[in-house]
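In: Structure for the following, please:
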Amino acid sequence: MNMRNLFLVIVISFFYIVALAQKGNEIDVDWIKVCKPQDKETYFNCLDNLYKKHPADSTYLHVLFEKAIYYNDIGVADSVIKFSRFGIEEAKRRKGEKSQTLKAAFMNLLAAKYQMQGLYGEATSLMVEALKIFEENGNDKYASILNFNIGVYHVSLKDYASGEKYFAQSYERFKKLKDSTHMSASLIALSECYFKLDEDEKSRETAELSYEIAEKTNYLPAQISYFWITGSLYKKENNYKKALQQFNAGEILAITTDIYTNYYLVHFIVDKMKIYNSQKKYQLALDESKKLDNILSDPSITIILHDYHKVMSESYFGVRETSKAYEHLEQAYTLKEKTLDKENKEIVNRLTLEYETEKKERQIAEQELKIQKKNVQMRNWLIVGIIIIGGFLTYFFQMRRNQRNKLRIIEKEKENEVLSARVLGEEIERSRISKELHDGIASNLVAIKLQIENTTEVSRKILSLVQETHKEVRQIAHNLMPIDFENQNIVEVIKSFCDECNTDYRPVNFQTNIEKVRFSKDRSMVLYRVVQEFIQNAIKHSQAKQIDVLFMENEGLITLNVEDNGIGFDTKLKEASKGLSGVIERLRKIKGRITIDSSDRGTSIFISIKTD
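Out: As a prediction, the model looks like this:
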C-alpha cells in the first residue's frame, strides 16, 4: 500500500484536534459542553435550545460548528461539507475576530473533506486562506497546524522533500508552544518522509520519539501510525513476521478509537495483503480483504482505495480470476489519475508558493514597519533629548542671567549706598561749614561793621568792603545749607537758586517744560550741587553778562543746559581739569552724562540723565 495515504489519517485527526482545541479557546464557550453528542436528535435539540437562551452571532456559529463536527465524527461527509459551506457564508456576514476564527475553522473542516475527494486545489486554497486568518488573529497554534496540513498535501502528491521541510518547521513551532500532542504528530509525519527518502535510520528514530511522546499524551493517531511505519520498515527489510506483528497491533488499536476507524483499517489490512501476496498466499490475502467489505462505501476513504484495488487485482491474478483482477486494476488506475494528475500537483504547488511569497512579503512589510516605528521612536527620543537639553541650557543661562542681574542690583545698591554716604557726608560737612561761617566769620563781620559805623573817621570805602564781605559770607553759608528734597522738587530748587543769583546787571534766566521730576533724594542732591557749582563759577570767573539755564524733559530723559556769554576757560588746564573730573565722577554715580563746550565767546554745559 502507498504510504502517502497514511497522512490522510494524520491530517483528519488534526482537523478533529483543531476543532476540539478551538472549542476550548476562541471558538467555544463553557456552556456548550452541557450538550453531549449521543444520538443526533437529542444533541441537536440541546444545541438549538442553547442558542435560544443565548441568541448571539457567536452562539449561532458555535452551534453550526458543533453540528458539522458531529457529522464529521460519524463519517457523514456530505453533511460535513453542507454545514461547513453554510457556516463559512454565515461567518462572512458577521464581523469580529471570533467570527473570523470560526470561518477559518469551517474552512479547515471543509478542506479535509475536499482532500479526501481528491480536490487538492480547492482544499489547498481553503487551507491557505484559513492559515492567513489564524496568523492575522495571532493564533500561532492553529496556524502551525494548518502549516502542517499543507505539508501533508505535498506528501499526498509524493513531494516528500517539501513535506519534510513543512513537518520539521511545524515540529519546532509546536516545541516552542510546548504542545506535546502536535509534536508527536509532526514527528510521525516526518518519519514517513524519511522513509520515502530512503533515510530508514532517521525514520525509525523519529517514529520511536513520536511514540514515546504520544503515549504520554494518549494521542492515538500517532501511536497507530507508529505501528504502521515500523511495520513498513520491517516489510522493507523482508522481516515479514515482525511487520505482521506491528500491523496487527496497529489494527487492534485502531478498532478502539471512534475517530476514522475505517481509515486505519484500510491501511493495515491492505499492507498485510501485500505481505501475503509477496509470499504467494493469495487466498489468505483475499480472506483478509473481507474485513473491508462493509466499509468500502464510506466516502471518507475513497481517496485511499487506489492501493486497495491494486493489491486486490494482484490477489485475483494469483488465484487465476483475471476478470476480477482487471476490474480492480482499472479502478486503481482511475483513482490514481484522479488523485495524482499533473494539474493537482501544479495547483498545490502554485497555491503554497503564493502563500509563502505573500507571507515573506508580509514579513518584509512588518519588518519595514518595525524599522519605521523604531526610527520614529529614535526621532521622538532625540526630540525629547533636545528639549531636555534645551530646557536645561535655558534654565542654566536664565540662572546665570539672574545671577548677573542680582550682582548688578547688588553693585547698584552698593553704589547707591556709597553715593548716599558721600552725599550725606558732604551735606554734613557743608552744614558744619555753613554754621561756622554764620556763627563765626559772619558774626565778627557784623561786629566790625557796627564799630565802623560808630567811627566816623574810618573811610566809607572800608565800610563798603566789609558789607560786601558780610553779604558774600552769608551767601556762601546759605548755599552750603542742605536742601530738603523730601518736600521740595529738583525743578523748584534749581529755579529758586537761579532767582537768588539773578541781578539787574547779570540776569540768570531759568526755563523748563515740566514742574516735577522723579528723582531720588541722593540724585537730586548731586544734580543740584553740579548745577550750583557751574552757575557760581560762571558768576565768579566768566565775566558773563547773562547766564541761561534750560531744564527740559522728553520721554523720561532729562537735559540740563547751562550757558553764559563770558570769556570761557581752557578745559585742559590742571585746575579746570581737576574740577571737571570731580563733577564727571559725581554725575557718573547717578548715571548722568556731561558735555562741555567753552571758548572766548562763552561756555555751554550740556547734562543728560534718565529719570527714576
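
In: what helices or strands is the helix or strand containing Ser144 leaning on?
Out: Here Ser144 is covered by helix 140-156, with elements defined by DSSP states H and E. Judged by 3 or more Cβ pairs under 8 Å, 6 or more residues apart in numbering; DSSP states H and E, helix 140-156 is in contact with helix 6-23, helix 97-116, helix 120-136, helix 160-177, helix 180-196, helix 342-436. For the C-beta atoms, the positions are set from N, CA and C on the backbone; glycine is no exception.

In: Tell me where the model's unsure across this structure.
Out: Under the criterion pLDDT under 70, the flagged ranges of the chain are 1-33, 257-260, 299-300, 302-303, 336-366, 368, 415-461, 463-482, 574-578.

In: Okay, domains of it per the record?
Out: Using automatic domain parsing, the domains assigned to the chain come out as 27-138, 140-250, 487-610.

In: winner for burial among these?
Out: domain 140-250 (a mean of 21; mean count of other Cβ atoms under 10 Å).

In: Quick one: end-to-end length of it, please.
Out: 32 Å (Cα to Cα, to the nearest Å).

In: And stretch 250-266, by the same measure?
Out: 11 Å.

In: Identify each buried residue in it, please.
Out: Residues of stretch 250-266 classed as buried under the neighbour-count rule (16 or more other Cβ atoms under 10 Å) are Gly250, Glu251, Leu253, Ala254, Ile259, Tyr260, Thr261, Asn262, Tyr263, Tyr264, Leu265, Val266.

In: any idea which of those residues is the one closest to Asn487?
Out: The shortest approach to Asn487 among those belongs to Ile259, at 116.9 Å (Cβ to Cβ).

In: Now Ser162: closest residue in space, sequence neighbours ignored.
Out: Computed as Cβ to Cβ, 6 or more residues apart in numbering, the closest residue to Ser162 that is not its neighbour in sequence is His154, at 4.0 Å.

In: The one you found reaches Glu164, doesn't it?
Out: No: if you go by Cβ atoms under 8 Å, His154 and Glu164 don't touch, sitting 9.1 Å apart.

In: what residue lies at the spatial centre of this structure?
Out: Centroid-nearest residue in the chain, with Cα atoms, centre = their mean: Gln377, separated by 5.5 Å.

In: Show the contacting residues for it.
Out: By Cβ atoms under 8 Å, 6 or more residues apart in numbering, Gln377 lies in contact with nothing.

In: Contact partners for Lys495?
Out: Counted by Cβ under 8 Å, 6+ apart, Lys495 has contacts Phe510, Thr512, Phe551.

In: Could you say which helix or strand holds it?
Out: helix 490-501.

In: ok now that helix, how far from the chain's centre?
Out: 77 Å (Cα atoms, centre = their mean, to the nearest Å).

In: The helix or strand following it: partners in the sheet, and parallel or antiparallel?
Out: The helix or strand immediately downstream of helix 490-501 is strand 508-512, counting by DSSP H and E. Strand 508-512 sits in its sheet next to strand 547-554 (parallel), going by DSSP bridges.

In: And the contacts of the partner strand?
Out: So strand 547-554 is in contact with 491, 494-495, 498, 501, 506-514, 517, 531, 535, 538-539, 558-564, 611, going by Cβ under 8 Å, 6+ apart.

In: repeat that with 7 Å
Out: Contacting residues not belonging to strand 547-554 are listed as 491, 494, 498, 508-514, 517, 535, 538, 559-564 [Cβ atoms under 7 Å, 6 or more residues apart in numbering].

In: And stretch 171-191, end to end?
Out: 12 Å.

In: same thing with stretch 274-285?
Out: End-to-end distance (Cα to Cα), stretch 274-285: 8 Å.

In: Let's have the domains of the chain in TSV, adding distance to Asn402.
Out: Formatted as TSV, these follow (distance: least, Cβ to Cβ, whole Å):
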stretch	distance to Asn402
domain 27-138	56
domain 140-250	60
domain 487-610	22
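
In: and of those, who's closest to Ile304?
Out: Of all the domains of the chain, domain 27-138 comes closest under Cβ to Cβ, at 8.3 Å.
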